[in-house]
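A.B. asks: coordinates only, sequence not included:
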């Protein structure tokens, strides 16, 4: 017998699960290596060099070094590979995508005679798009365990002491498919998982998480060159989020006890997030000598004023309460939610060395404090989620180092980036990037290519560790490869 229950909508006072939480706040606060192939070939270390479209999203003072107008666009190919390890079982996964890294135009004009008399040499205006993050990934997880690590323990924890009308979303789904049953007083207690095997019974767990989308920043920048010594710039940024996540989680009894009622469960979750934000960036580059430049930039917090989530969860459970007559029950829930997100401010300091006509070296230092992220809504307080942001995250310091060797008309580039862990506990390791680049420049056009290798390692529980610390963690090593090419014209 098959029972299908569709729960259309939900009570807003229920806890919002798998979305609108501290994980989302971190995801949309992080920015990776992107932009032009020249900047990317130097690991994004361009804060004291300027005259590159990527700097409009990092140090807008870089626009002040433009002396000619320029149009650029940068297509790219992105591949990712992840290797998970759960209880000694390894799983590999891979994905490949095409993406536009940036496109934009900068207009550079000589200052008027009256402005020149006050020391101004040039003024610039630019607009376009820089990619700030790519969300494409696939992670497969599989391993053997016992039922003391079942996700049903999480739902029991959420339901404990409550009545069916007070359940959270996921616990409600578990109740609908008869994995949870209240006692005679109508409340859930430690005996409410009465169809589950004992804690030492064997089971197989697996999970597949697929994400896609990107965060692209539309920008409008203004700048100027003062006495060929001080270069100033300002950018109004509008980051746009488009994020999709699909997750499937499975448990199955793989023992030989024919009296065990539980057979399997499958939890499916889908999330689609869209948002538009607004921020302001100001920056400056100062030419100390012909061979030394220093740069600094400040980014205001980004205010995502129209975060919108569409999501659904579905749970299927097969229970054999009578011999050879398993019953499969299904329950689904659909919902949407509107809220706001404030991501942290950033401060960037840079030093650049101009080695005659031989090449350049740049070092960028970036600081941001993830504990300053904030979620809010007129319909929900987010007090728990904002407290989790304070408890889990910490300030982060990032270092980027890049160099370019000039073999006119050719150039060779390399870079290294080190991004500290945003977590207090160290459960997630830092992220590193290694980059290589090549370019050829003519009088009126140029062409650059770059390769960005990004590596990270995360260690997280298979599911919510706030309520179940027994579950062994999943270690995931991720390697991302980004191949980009920039085509540019000067006029």
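C.D. replies: Cool, got the structure. Remember, predicted model here, so these are calculated numbers, not experimental data. Numbers count the residues shown, from 1 in each chain.

A.B. asks: biggest helix in this structure, by residue count?
C.D. replies: helix 383-392 (DSSP state H).

A.B. asks: how far does that one sit from the chain's center?
C.D. replies: 18 Å (CA atoms, centre = their mean, to the nearest Å).

A.B. asks: Which residues belonging to the helix or strand just after that helix are considered buried?
C.D. replies: Next along the chain after helix 383-392, taking DSSP states H and E as the criterion, comes strand 395-407. The neighbour-count check on strand 395-407 (16 or more other CB atoms under 10 Å) flags 396, 398, 400, 401, 402, 403, 404, 406 as buried. The way it works is simple: take the backbone N, C-alpha and C, and place the C-beta from them, glycine included.

A.B. asks: From the chain's centre, how far out is strand 395-407? Work that out for me.
C.D. replies: Counting by CA atoms, centre = their mean, strand 395-407 comes out at 21 Å from the chain centroid.

A.B. asks: what do you get for stretch 376-392?
C.D. replies: That offset, for stretch 376-392, works out to 19 Å (CA atoms, centre = their mean).

A.B. asks: Let me see the residues that make contact with it.
C.D. replies: 12, 15-16, 20-22, 25, 337-340, 342, 370-371, 373-375, 423-425, 466 (CB atoms under 8 Å, 6 or more residues apart in numbering).

A.B. asks: how about that stretch: buried residues?
C.D. replies: Judged by neighbour count using 16+ other CB under 10 Å, the buried positions of stretch 376-392 are 377, 380, 382, 385, 386, 388, 389, 392.

A.B. asks: ok, so what distance separates the last one from residue 73?
C.D. replies: In other words, residue 392. For residue 392, the distance to residue 73 (CB to CB, to the nearest Å) stands at 39 Å.

A.B. asks: Look up which helix or strand the residue lying closest to residue 218 once chain neighbours are set aside falls in, please.
C.D. replies: Counting by CB to CB, 6 or more residues apart in numbering, residue 218 lies nearest to residue 238, which is 4.4 Å off, once chain neighbours are set aside. Taking DSSP H and E as the criterion, residue 238 maps to strand 230-253.

A.B. asks: Could you list the paired strands of the helix or strand just after that strand along with their orientation?
C.D. replies: As assigned by DSSP H and E, the chain's next helix or strand after strand 230-253 is strand 262-287. Its sheet considered, strand 262-287 pairs with strand 230-253 (antiparallel), strand 292-299 (antiparallel), strand 303-319 (antiparallel) by DSSP bridges.

A.B. asks: Show me how far the longest one is from its chain's centre.
C.D. replies: Offset of strand 230-253 from its chain centre (CA atoms, centre = their mean): 5 Å.

A.B. asks: The shortest one now?
C.D. replies: In this view, strand 292-299 has its centroid 26 Å away from the chain centroid, taken as CA atoms, centre = their mean.

A.B. asks: Next, the buried residues of it.
C.D. replies: Within strand 292-299, the residues that count as buried by 16+ other CB under 10 Å are 293, 295, 296, 297, 299.

A.B. asks: which residues touch the third one?
C.D. replies: Translated: residue 296. 47, 59, 61, 283, 284, 347, 348, 349, 350.
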